[in-house]
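Asker: please find the sequence and the predicted model below.
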Amino acid sequence: MQTGFIQINRASKSFRTRSGDHIVALSEIDLSIDKGKFVALVGPSGCGKSTLLRMIGGLIKKSSGHVQIAGNEVTEPTSGIGMVFQSPVLLPWRTVLENVTIAADLGGAERKTINERATRFLNIVGLGGFENKYPAELSGGMQQRVGITRALVHDPKVLLMDEPFSALDALTRDRLQVELQALWMASEKTVVFVTHSIQEAVFLADRIIVLAPRPGRVVDDITIELPRPRTLEMINSAGFGEYAAAVRRHFNAEGGVQ
Amino acid sequence: MTSALSTTSTPVNARRVRKFPRFDRISAISLVVLAAFLASWEWILIPVLKVSPALLPKPSDIAIALWSGLVDGTLLADTWMTLTEVGYGYVLGSAIGFLLAIPIASSRTAERIFYPYIVALQAIPKVAIAPLFVVWFGFGMTSKVVIVALITFFPVFVNAVIGLRATPADQEELFRVYGASAWKRFRYLRVPNAAPYVFGGLNVGVTLSVIGAIVAEFVGAQEGIGAAIMRAGFALDTAGVFAAITLLTFIAAAASAAIQALGRHLVFWMNTDKR
């Protein structure tokens, strides 16, 4: 049995709906992710990609199987995890700095060190000088930058991202993808990134895991060998297009899996 | 890495909160309407219809009665008494309302057991039970404070229950990522999310609390604006009654404005100019 930094063996998740139906969200997932890799989970709605992400983060209990990070079984959220959600999930009564450093209030980190790191990270994502603004004073793109900074500031080993850019306009999204790549290349974190955008997955990931629904399962595992740092111009290149086509061929016109 | 500023749309200035309502032409018209109403009362209604001043005093007589009452100190003492009763009762009732909301909001079982009785308590007309409180707590301040607290309690309680349950699911999940304890979730998430609702309840409660104090004073009191209204009424001093009512109106309006200002200040994130 291979052992990756994140090691998932025969992990399943099933639950009962209100009407009593038995739903298998994830069926016997095997996945091994090496340290420092950027892995994208791609699939249509209902394929369980968000469930898998939350299982890695310890937010959802698995029904059976194993999920391990650095050899330790994941049973609950730990400080080794940073999470970025689809919406920024900022607390409107806290300033940007207070939002980013929330871990210090919740007992996850020491205030002094985290404040220093927060200031540094906010500068990196172009939010220097915005520390004392409130979320309502920021645009959607800036808010999601705050959300990403919050996930990184306590220096987690694993960054989990659940469609973090899907609510943003296309231009902001492009820009944030470039910024995220730079952040990741500088930080050497292991990233698991859920998306339903094939282009986003090819642009960002070292590896794309394609999932299919009913039951949620892995149908393909594609290694992207485009050089880094990747640029937005590369999206139009032949190599990029081939990778995108390799992912897309799993989906038919209706978004289902072939 | 490029600057964030170039990609973003114009940030809205959320903290620009208007402290006072602006005074413009429409406010001026509103004041003119009031002046016209008082003037037609003073110079048309009373002289032309020959209404007895014992039934309906002129606005000028009311103003004189109010002024002399304030200058000789009787109305001031009454005002102070009523304000004290309202103050104690309001704080007490609000605190109990909020504290009781915590277990009810946290547990569906607690809600099902206690909520019907709390609502039933509210269904009792406070005016009807005011004499009972005087019997229990005497003619002094205690009976007034208890009635004010009872009348303030309900709007704060109901709103706090809703507010404490209003935390968005994604914020709850964020706190789960950080392994936040139940107390931290309460302190940093539930309470701030409940605050706008609580202030809604406090705002309703503040005008009710003034009514509660007056009703309690009607039943039996030596001092207070309610007592002043009774005294003037027995003396057929209608101008005195109107003077006390005018004073009461100002007190209730000022208290409500103060709570609203406090709410705007403390719950500033709900007041971003969305117009």
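Answerer: Happy to help now that I have it.
Asker: mind naming the longest helix for chain A?
Answerer: If you go by DSSP state H, chain A has its longest helix at helix A:170-187.
Asker: got a list of what residue B:165 touches?
Answerer: By Cβ atoms under 8 Å, 6 or more residues apart in numbering or on different chains, the contact set of residue B:165 is residue B:105. C-beta here means a position set from N, CA and C on the backbone, and glycine is covered the same way.
Asker: stretch A:40-50: how far from the chain's middle?
Answerer: With Cα atoms, centre = their mean, to the nearest Å as the basis, stretch A:40-50 stands 12 Å off its chain's centre.
Asker: how about the residues of the stretch 51-200 of chain A by chain B?
Answerer: Within reach of chain B by Cβ under 8 Å from any Cβ of the partner chain, the stretch 51-200 of chain A has these residues: A:57, A:59, A:76-79, A:81, A:83, A:85, A:87, A:89, A:91-93, A:102-103, A:105-108, A:124-127, A:133-134, A:136-139, A:141-142, A:145, A:171-172, A:175, A:178-179, A:182-183.
Asker: buried ones in stretch B:195-206?
Answerer: Judged by neighbour count using 16 or more other Cβ atoms under 10 Å in any protein chain shown, the buried positions of stretch B:195-206 are B:195-206.
Asker: in helices, which of those fall?
Answerer: Cross-referencing these against helices under DSSP H gives B:195-206.
Asker: out of those residues, which are close to chain A?
Answerer: By Cβ under 8 Å from any Cβ, the members of those lying near chain A are residue B:195.
Asker: for the closest residue to residue B:198 other than its chain neighbours, give me its contacts.
Answerer: In space, and not counting its chain neighbours, residue B:198 is closest to residue B:160: 5.1 Å by Cβ to Cβ, 6 or more residues apart in numbering or on different chains. Contacts for residue B:160 (Cβ under 8 Å, 6+ apart) come out as B:97-98, B:101-102, B:105, B:194, B:197-198, B:201.
Asker: nearest to the spatial middle of the chain, which residue is it?
Answerer: In the absence of a named chain, chain A is used. What sits nearest the mean C-alpha location of chain A, by Cα atoms, centre = their mean, is residue A:161, with 1.9 Å.
Asker: should've been chain B
Answerer: Closest-to-mean residue, chain B, Cα atoms, centre = their mean: residue B:206 / 1.5 Å.
Asker: so that residue sits right up against residue B:255, yeah?
Answerer: Yes - checked against Cβ atoms under 8 Å, the pair residue B:206 and residue B:255 is within contact range at 5.0 Å.
Asker: so what's the residue count around residue 111?
Answerer: Chain wasn't specified; assuming chain A. By the criterion of other Cβ atoms under 10 Å in any protein chain shown, residue A:111 has 11 neighbours.
Asker: please go with chain B instead
Answerer: By other Cβ under 10 Å, the residues close to residue B:111 number 16.
Asker: equivalent analysis for the one 10 residues further on, please.
Answerer: Neighbours of residue B:121 under the rule other Cβ under 10 Å: 13.
Asker: so how far is residue B:154 from it?
Answerer: Between residue B:121 and residue B:154 the computed distance is 8 Å (Cβ to Cβ, to the nearest Å).
Asker: next: residue A:36.
Answerer: For residue A:36, the distance to residue B:154 (Cβ to Cβ) stands at 58 Å.
Asker: out of the two, which sits in the more crowded spot?
Answerer: residue B:154 (21 against 15).
Asker: what is the helix-or-strand element of chain B with minimal mean pLDDT packed up against?
Answerer: Using mean pLDDT, DSSP states H and E, the weakest-scoring helix or strand in chain B turns out to be helix B:46-49, at a mean of 82. Applying 3 or more Cβ pairs under 8 Å, 6 or more residues apart in numbering or on different chains; DSSP states H and E, one finds that helix B:46-49 contacts no other helix or strand.
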